[in-house]
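build me a structure from this.
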Amino acid sequence: MNVTIRQLTMEDYDQVLTLWTGMQGIGLNDSDSREGIQRFLQRNPGLSLVAEENDSIIGTVLCGHDGRRGYLHHLAVSPFRRRQGLGMQLVRVCLERLRSEGILRCNIFLVADNPTDREFWKVAGYKARPDLLIMQRGTGSAQVPDPCRNC
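Next up, the predicted model:
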């Protein structure tokens, strides 16, 4: 296996998007637009990666942090290259780069009903946090309801 791990750049976007599209466990949305990924890469320079073989991208991961915690998103390896350690190698490089920036913990988000991904991340050393619940809302309307409206 002659695979090169290197920094993901915007020139890789089309190949990366093709890899992500239709991959189980990766939910794409408007945040994954060309502009969204460009903002992510600019905010987190040098952290996101691709695995390349013969000028083809066969693996990728988005990696970033908020100054306190690291985050990995959209780890993907081509189906014909799975179970060869490539996903773990991408995770390892990301964790090393986060640690070099002083980030000591790294979070991931999983689709709840994907046991294959859950098992991969357990093997990678991640543990479920039953005390946490992820909630999300769009930023389209910045208006936040008054919690004491009915007080």
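
could you pull out the strands in this protein for me?
With strands called from DSSP state E, the chain shows them at 4-7, 49-53, 56-65, 70-77, 106-108.

out of the ones you listed, which gets nearest to A128?
The closest of the strands of the chain to A128 is strand 106-108. By C-beta to C-beta, the value is 10.4 Å. Glycine gets a C-beta too; all of them are placed from N, C-alpha and C.

what is the burial count for L28?
The burial count assigned to L28 is 13, neighbours taken as other C-beta atoms under 10 Å.

in TSV, list the strands of the chain along with mean neighbour count, mean pLDDT and distance to D131.
Below are these laid out as TSV (neighbours: other C-beta atoms under 10 Å; pLDDT from 0 to 100; distance: least, C-beta to C-beta, whole Å):
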stretch	mean neighbour count	mean pLDDT	distance to D131
strand 4-7	13	96	34
strand 49-53	21	96	30
strand 56-65	21	95	22
strand 70-77	22	94	19
strand 106-108	16	91	14
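
to Q38, which of the ones you listed lies closest?
Short answer: strand 56-65, nearest of the strands of the chain by C-beta to C-beta, at 11.9 Å.

next, the angle from the closest one to strand 70-77.
Inter-element angle recorded for strand 56-65 and strand 70-77: 170 degrees (by axes from the mean of the first three to the mean of the last three C-alpha atoms, to 10 degrees).

with just CA atoms, put strand 56-65 into CSV.
Presented in CSV, the C-alpha positions along strand 56-65 are these (Å, rounded to 0.1, in the frame of the first residue of the first chain):
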residue,chain,number,x,y,z
SER,A,56,-7.0,9.3,-6.0
ILE,A,57,-8.3,10.2,-2.6
ILE,A,58,-9.2,7.0,-0.7
GLY,A,59,-9.7,8.5,2.8
THR,A,60,-10.4,11.7,4.5
VAL,A,61,-11.3,13.3,7.8
LEU,A,62,-12.2,16.8,8.9
CYS,A,63,-10.3,17.9,12.0
GLY,A,64,-10.7,21.1,14.0
HIS,A,65,-10.9,22.6,17.5
